[in-house]
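> here is a sequence together with a model predicted from it:
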Amino acid sequence: MNHIHLKPRYGRIVFVAACIVFLAVAIHFVWARPDDAYTSFKTVSSEHKTVGEKQELFQEENEEKLRFLHYPAFSQEQMDKVVKNYIDTLPDELGITFVDYECEEVFDQYISLIFHYQLFDQQQNVKQVNHQYFTFQKESGNIVGLPDILRRDYINMIKTAFKKQANVDVKSIDGISFSIDENVIHLYASQKEVALPFNDIKKYIKLKGKGIASEPIRYQRIFKNSTIYDEKLIDKDTETLSIDPDKPMIAMTFDDGPSNLTEEVMKIFIDHKATASFFMLGQNVENYPNIVKYMAEQGFEMCNHSWDHQSIDTNDKDLITHEVFDTQDAIYGLTGIEPTRMRPPYGAFNNFETKEIVEGNGLGITLWNVDTLDWKSRNSESVKSAVRQHTFDGAIILFHDLYPSTVDAVKELVPELQSQGYQLVSVSDLIKYKGQ
Ligand SMILES: [Zn+2]
């Protein structure tokens with residue numbers, strides 16, 4: 001305890017010594033700093049790095065080629081692979097390569113990763129700048145693409161946005177990268193950036209809770225080996241039926257509904273553990289929302305048959321877009337499930353614009369190969385005999401769920417066709433297994 005009672009003389013010496021030590025340390029730091037010319041490349045801020053462990057890799061091959069790389073590690077195979085691939089394929093340039101990054105979670109669904117690449121010359125002047133954007137599904141680590149976050153005729157919407165905001169003509173959306181923020185999607189192409197605020201593009205947004213559909217309807221009934229179902233919408237008490245790809249199959253399709261008879265039609269299929277596809281008019285979807293929700297729950301395939309049965313075989317892009325995509329919106333808005341098939345009214349789609357708008361936005365044009373002419377006969381006997389005469393393995397049969405005569409015919413046809421060994425499947429599954 002002696003040093004506590006030092007005489008003033010000693011105290012002064014200790015104080016002076018402490019000052020000298022402090023000064024020496026300070027001089028070391030201040031003067032030594034310029035010796036390490038690369039300090040600014042070695043440390044990066046922790047801001048916007050809330051996901052992953054910060055990693056650094058410094059490679060000083062020689063005076064002419066130095067690399068200072070900062071990147072995240074996730075302990076998640078898929079995501080770490082993407083990072084490794086980015087680092088491994090960086091351009092091998094003379095000068096100072098510097099990589100920094102931002103990595104954050106976006107509304108509990110996605111992880112957004114942005115790499116900022118800069119190349120400096122020996123005088124530390126910036127020579128090149130480049131940014132790369134990745135979005136991952138938080139749970140799976142899968143890379144998210146534009147079709148995963150946008151819907152409808154979003155390709156046209158993006159092209160228009162680039163034209164309007166950046167005066168750039170985008171030919172294809174292939175080269176476009178993006179990042180998702182809390183309220184906006186940023187798109188990048190041709191060194192230009194375009195912003196799409198969620199509020200302005202609500203109907204184009206697929207993101208949960210951000211677009212026009214709230215929660216997607218969950219299936220109460222599904223068919224194993226089917227193409228059309230989203231695993232995430234299957235509950236554990238969902239009834240699972242199955243399709244045998246090697247056995248004969250028929251797709252029964254119903255146009256122009258839904259109507260007040262559609263529920264009865266669905267019940268026939270449910271009772272016989274079968275399914276069908278409904279090509280619906282948007283205006284009727286609007287009139288029978290509960291029928292459409294029930295259709296989604298029961299795993300029937302919901303397809304598009306225009307808004308109000310106007311021909312879309314026209315050059316009028318606005319008309320085609322309304323007929324096709326307002327119907328998509330009506331079904332998607334109610335069920336959270338996006339139809340993937342469109343049957344043009346009257347089967348007419350010769351026009352280039354029609355194909356471009358329908359098929360160019362991912363909707364498969366789907367016709368039929370057996371016509372019951374039920375709308376004409378309104379007679380269940382003639383509907384049944386049309387089916388009996390013409391059906392085959394791979395048949396896509398056209399009905400309309402508008403007439404009691406059709407419902408009566410279907411009541412008999414469903415068990416009859418099943419007893420002949422036919423499986424009654426959705427049109428998408430029929431095409432999957434039997435071809436177009
Ligand atoms: Zn029709």
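The structure has been received and is ready for your questions. Numbers count the residues shown, from 1 in each chain.
> checking residue 223 next. Helix, strand or coil?
Using DSSP: H, G, I helix; E, B strand; the rest coil, the structure places residue 223 in strand.
> of all residues in the stretch 301-436 of the chain, which one is closest to the ion?
At 5.1 Å from the ion, residue 345 is the closest residue in the stretch 301-436 of the chain, using C-beta to the ion. (Glycine included, C-beta is placed from N, CA and C.)
> what lies in contact with whatever helix or strand residue 185 lives in?
Per DSSP states H and E, residue 185 falls inside strand 184-189. For strand 184-189, contacts defined as C-beta atoms under 8 Å, 6 or more residues apart in numbering pick out 131, 133, 149-150, 158, 161-162, 168, 170, 175-180, 193-198, 201.
> from the contact counts, what lies against the next helix or strand after that strand?
Using DSSP H and E, the helix or strand that follows strand 184-189 in sequence is strand 192-197. When contacts are defined as 3 or more C-beta pairs under 8 Å, 6 or more residues apart in numbering; DSSP states H and E, strand 192-197 packs onto helix 154-166, strand 184-189.
> chain center to the last one, what's the gap?
What separates the centre of strand 184-189 from the centre of its chain is 15 Å, taken as C-alpha atoms, centre = their mean, to the nearest Å.
> and the angle from that strand to strand 192-197?
Calculated by axes from the mean of the first three to the mean of the last three C-alpha atoms, to 10 degrees, strand 184-189 forms an angle of 160 degrees with strand 192-197.
> so for strand 184-189, what gets flagged as buried?
Within strand 184-189, the residues that count as buried by 16 or more other C-beta atoms under 10 Å are 185-189.
> equivalent analysis for the first one, please.
Taking 16+ other C-beta under 10 Å as the neighbour-count basis, helix 154-166 is seen to contain the buried residues 154-156, 158-159, 161-162, 166.
> do stretch 280-292 as well
Result for stretch 280-292 [16+ other C-beta under 10 Å]: buried residues 280-282, 284-286, 288, 291-292.
> likewise stretch 97-105?
For stretch 97-105, a neighbour-count test (16+ other C-beta under 10 Å) marks 97-104 as buried.
> same question, stretch 267-278
By 16+ other C-beta under 10 Å, the buried positions in stretch 267-278 come out as 268-270, 274-278.
> redo those residues as JSON lines? Include pLDDT, secondary structure and distance to the ion.
Listed next are the buried residues of stretch 267-278 as JSON lines, based on pLDDT from 0 to 100; DSSP: H, G, I helix; E, B strand; the rest coil; distance: C-beta to the ion, whole Å:
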{"residue": "268", "pLDDT": "98", "secondary structure": "helix", "distance to the ion": "21"}
{"residue": "269", "pLDDT": "98", "secondary structure": "helix", "distance to the ion": "20"}
{"residue": "270", "pLDDT": "98", "secondary structure": "helix", "distance to the ion": "24"}
{"residue": "274", "pLDDT": "98", "secondary structure": "coil", "distance to the ion": "22"}
{"residue": "275", "pLDDT": "98", "secondary structure": "coil", "distance to the ion": "20"}
{"residue": "276", "pLDDT": "98", "secondary structure": "coil", "distance to the ion": "16"}
{"residue": "277", "pLDDT": "98", "secondary structure": "strand", "distance to the ion": "13"}
{"residue": "278", "pLDDT": "98", "secondary structure": "strand", "distance to the ion": "12"}
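> out of the residues you listed, which is nearest to residue 63?
Of all the buried residues of stretch 267-278, residue 277 has the smallest distance to residue 63: 68.5 Å, by C-beta to C-beta.
> which parts of the stretch 301-436 of the chain are helices?
For the stretch 301-436 of the chain, the helices defined by DSSP state H, counting those that start in this stretch cover 317-335, 352-359, 374-377, 380-390, 404-419, 427-434.
> tell me which element the residue in the stretch 1-150 of the chain that the ion sits nearest to falls in.
Nearest to the ion, among the residues of the stretch 1-150 of the chain, is residue 147, at 28.2 Å (C-beta to the ion). If you go by DSSP H and E, residue 147 is part of helix 146-149.
> now swap in residue 51 and tell me
Using DSSP H and E, residue 51 falls outside every helix and strand.
> could you give the number of residues near it?
19 (other C-beta atoms under 10 Å).
> I'd say it and residue 101 touch.
No: with contacts counted by C-beta atoms under 8 Å, residue 51 stays clear of residue 101, the gap being 10.4 Å.
> common neighbours of those two, please.
Common neighbours of residue 51 and residue 101, counting by C-beta under 8 Å, 6+ apart, are residue 72.
> and for the residue nearest the centre of the chain, nearest residue in space, chain neighbours not counted?
Most central in the chain under C-alpha atoms, centre = their mean is residue 148, positioned 0.8 Å from the mean C-alpha point. Excluding the flanking residues, the one nearest residue 148 by C-beta to C-beta, 6 or more residues apart in numbering is residue 206, at 6.9 Å.
> also residue 347?
Nearest residue to residue 347, sequence neighbours excluded (C-beta to C-beta, 6+ apart): residue 367, at 5.2 Å.
> and the one you found, how far from residue 126?
Noted for residue 367: a distance of 58 Å to residue 126, by C-beta to C-beta, to the nearest Å.
> many thanks, we can stop here.
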